[in-house]
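**Student:** from the sequence below, what's the structure:
(one chain, ligands or ions: 1)
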Amino acid sequence: MSQKINGVKGMNDLLPGEIEVWQFVESTARTLFGRFGYGEVRTPMVEDTALFVRSVGEETDIVGKEMYTFEDKGGRSLSLRPEGTAPAARAYIEHSVNNQEPVSRWFYTGPMFRYERMQTGRYRQFYQIGAEAYGAKEPAQDAELMDMVVQFLEALGLQEVTLNINSLGDENCRPAYHAKLVDYLKSHREELCGDCQQRLERNPLRVLDCKNEKCQAVAAAGPNVLEFLCEPCRTHFTDLQRKLGALGVRYVVNHRLVRGLDYYTRTVFEFIAAHPALRTASTVGGGGRYDKMMKGLGGPDVPAVGFAMGLDRLVLLLKESGKTFIQRPDLFIAVDETSHDEGLKLASRLRREGLKVDFDTRGGSLKSQMKRADKSGARFTLVLGEQERTSGQAKLKPMAGGDSVPVALDNVAATVRAQPEAPAQAPVS
Ligand code: HAM
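**Tutor:** Reported below is the predicted structural model:
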């Protein structure tokens, strides 16, 4: 017997029955982000490795440890995208979008790849839905973006998510903070993990998001970045908070929030869910401002701010909520042995008229079809036999119980639609 081949570790299949939750999240985002003026962008899943090295940063875990990098047959170093911000910026630069409009708003959704240690809510192929606003450096843009995420979470029905914000300053004020941080970390060198002892020299901010508990304890007692902000960065951060207040967006200031990517300047933020189902993967989304990235990638000097949400984690939370996302059939058509062709035709016609119809193409006894009708979660079953065909009249049997409804075979769709909707039966798997 041939050996069975399994999927790749950390990369999941999404089957019908589960995919409906994902579709709900994606369609909610599409509708809402559209209201805020965001258009969808689709970039390839593979990029030149240098794109991520130069934007996300060589010293980050994402680039240093987690990227799927390979050489193609032409000897180029390519990487599966670990995130969506750098690819979108690459596309923005490549298509000279800044010459076409002063402000652009893009969103994207799709798989990202990071070779991470797997656990609940942390996978090697995972999905993000993200948005980027290019061309506005004002804090109003940051606030509007965060408001969009809040409205998105509201539309999904997800409460108990806390917005954390911070400012990392810019090239003017960050060096002083860096110097202080390095001094502080050096005095605690022995308590840091091996990786952090190296990071300390090359990229001290990365020590602050090391997952090692000892490093986290050292980081927690370190200098406060907000005390080092220069005047323009402080004003930007104060204005942001004022605008969030005006929008009624609730937040907490968390001076230890640094994020795991190097490209941020000024604003950074994360949305943290309280639900225990996510365990250590409680950050459902994050983002920030990256005003210097475009230029660093050889593009124009265009400021930008964006975020990405982890779809896998949003889906986990929604499943916990116990809501139903599966659209059940409106009608199951069961037939006797003389009416199979007529049943097939009736199902086809009703689907053309917009009903979701289930029909057992295998035929079989009426009893077995009725069992299948029960399992299908359909609202109604219509039995089509010789008598119904000759009279042109049948009955709609409500599967949730109650009296059958007489129906003319040429008026089934309208009759089904006219029936009041009963509560859903099939729970989300
Ligand atoms: P990030 O924080 O690396 O930011 O990822 C954003 C979200 O993706 C996380 O909050 C988390 O929900 C989800 N995520 C990350 N890694 C995994 C994983 N291994 N498994 C499941 N979910 C995961 C970014 O990627 C930035 N590009 C966000 C951004 C956009 N900044 C500016 N614009």
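
**Student:** going forward, measure contacts between C-alpha atoms and count neighbours the same way
**Tutor:** OK.

**Student:** tell me how many other residues surround the nearest residue to residue 58 once chain neighbours are set aside.
**Tutor:** Excluding the flanking residues, the one nearest residue 58 by Cα to Cα, 6 or more residues apart in numbering is residue 64, at 5.6 Å. Neighbours of residue 64 under the rule other Cα atoms under 10 Å: 12.

**Student:** ok, residue 64 touching residue 52?
**Tutor:** No: Residue 64 is not in contact with residue 52 according to Cα atoms under 8 Å; the separation is 10.1 Å.

**Student:** now do the shared contacts for the two.
**Tutor:** Common neighbours of residue 64 and residue 52 (criterion: Cα atoms under 8 Å, 6 or more residues apart in numbering): residue 58.

**Student:** quick revisit: any idea how far the ligand is from the residue nearest to residue 58?
**Tutor:** Separation of residue 64 from the ligand (Cα to the nearest ligand atom, to the nearest Å): 14 Å.

**Student:** get me the contact residues on the stretch 101-250 of the chain for the ligand.
**Tutor:** Residues of the stretch 101-250 of the chain lying close to the ligand (Cα under 6 Å from any ligand atom) are 114, 116, 121-124, 126, 128, 130, 132.

**Student:** most neighbours, which of those residues?
**Tutor:** Per-residue neighbour counts (other Cα under 10 Å) across those peak at residue 130, which has 26 neighbours.

**Student:** for that residue, give me its contacts.
**Tutor:** Neighbouring residues of residue 130 by Cα under 8 Å, 6+ apart: 84, 107-109, 306-309.

**Student:** quick check: closest non-adjacent residue to the closest residue to the ligand within the stretch 101-250 of the chain.
**Tutor:** Closest contact between the stretch 101-250 of the chain and the ligand, by Cα to the nearest ligand atom, is at residue 122 (3.4 Å). In this structure, residue 122 finds its nearest non-sequential neighbour in residue 281, 6.5 Å apart by Cα to Cα, 6+ apart.

**Student:** residues in contact with that neighbour?
**Tutor:** Applying Cα under 8 Å, 6+ apart to residue 281 gives the contacts 120-122, 313.

**Student:** near the ligand, which residues of the stretch 251-400 of the chain?
**Tutor:** Proximity of the stretch 251-400 of the chain to the ligand, by Cα under 6 Å from any ligand atom, involves residues 283-288, 305-310, 312.

**Student:** tell me which two of those residues sit farthest apart.
**Tutor:** 305 and 312 (22.8 Å; Cα to Cα).

**Student:** more neighbours: the two, which one.
**Tutor:** When residue 305 and residue 312 are compared for neighbours, residue 305 comes out ahead with 28 against 19, by other Cα under 10 Å.

**Student:** ok, and what's touching the helix or strand containing the more buried one?
**Tutor:** Using DSSP states H and E, residue 305 sits within strand 304-310. With contact meaning Cα under 8 Å, 6+ apart, strand 304-310 is reached by 84-85, 126-137, 141-142, 145, 284-291.

**Student:** in strands, which of these fall?
**Tutor:** Among the contacts of strand 304-310, the members found in strands (DSSP state E) are 126-134, 284-289.

**Student:** which pair of these spans the longest distance?
**Tutor:** Using Cα to Cα, these span at most 25.1 Å, a distance reached by 126 and 134.

**Student:** which pLDDT value goes with the nearest residue to residue 147 once chain neighbours are set aside?
**Tutor:** Nearest residue to residue 147 in three dimensions, chain neighbours excluded: residue 249, at 6.4 Å (Cα to Cα, 6+ apart). pLDDT, residue 249: 98.

**Student:** what mean pLDDT does the helix or strand containing residue 108 have?
**Tutor:** Assigned by DSSP H and E, residue 108 belongs to strand 104-113. Averaged across strand 104-113, the pLDDT comes to 98.

**Student:** before we move on, what about stretch 334-354?
**Tutor:** The model assigns stretch 334-354 a mean pLDDT of 97.

**Student:** next, the buried residues of that stretch.
**Tutor:** 334-336, 339-340, 343-344, 346-347, 350 (16 or more other Cα atoms under 10 Å).

**Student:** just those: which are in strands?
**Tutor:** In strands, judged by DSSP E, the following of the buried residues of stretch 334-354 are found: 334-335.

**Student:** for residue 9, give me its contacts.
**Tutor:** residue 124.

**Student:** go with 10 Å
**Tutor:** Residue 9 sits next to 115, 118, 123-125 when contact means Cα atoms under 10 Å, 6 or more residues apart in numbering.

**Student:** for these, which one is nearest residue 354?
**Tutor:** Using Cα to Cα, the contacts of residue 9 come closest to residue 354 at residue 125, 35.8 Å.

**Student:** and that closest one, bridged to which residues?
**Tutor:** residue 113 (DSSP bridges).

**Student:** can I have stretch 177-197 written out in PDB, keeping just the CAs?
**Tutor:** In PDB, the C-alpha atoms belonging to stretch 177-197 read as follows (Å, rounded to 0.1, in the frame of the first residue of the first chain):
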ATOM      1  CA  TYR A 177      16.700  56.500  24.000                       C
ATOM      2  CA  HIS A 178      18.800  53.700  22.300                       C
ATOM      3  CA  ALA A 179      21.900  54.900  24.200                       C
ATOM      4  CA  LYS A 180      20.100  54.900  27.500                       C
ATOM      5  CA  LEU A 181      18.600  51.500  26.700                       C
ATOM      6  CA  VAL A 182      21.900  50.000  25.800                       C
ATOM      7  CA  ASP A 183      23.500  51.300  29.000                       C
ATOM      8  CA  TYR A 184      20.700  49.800  31.000                       C
ATOM      9  CA  LEU A 185      20.800  46.400  29.200                       C
ATOM     10  CA  LYS A 186      24.500  46.200  29.500                       C
ATOM     11  CA  SER A 187      24.200  46.500  33.200                       C
ATOM     12  CA  HIS A 188      21.900  43.500  33.100                       C
ATOM     13  CA  ARG A 189      23.800  41.600  30.400                       C
ATOM     14  CA  GLU A 190      24.100  38.400  32.500                       C
ATOM     15  CA  GLU A 191      20.400  38.100  32.900                       C
ATOM     16  CA  LEU A 192      19.700  38.200  29.100                       C
ATOM     17  CA  CYS A 193      19.500  35.200  26.800                       C
ATOM     18  CA  GLY A 194      22.300  34.500  24.300                       C
ATOM     19  CA  ASP A 195      20.400  36.000  21.400                       C
ATOM     20  CA  CYS A 196      19.700  39.200  23.400                       C
ATOM     21  CA  GLN A 197      23.300  39.600  24.400                       C
END
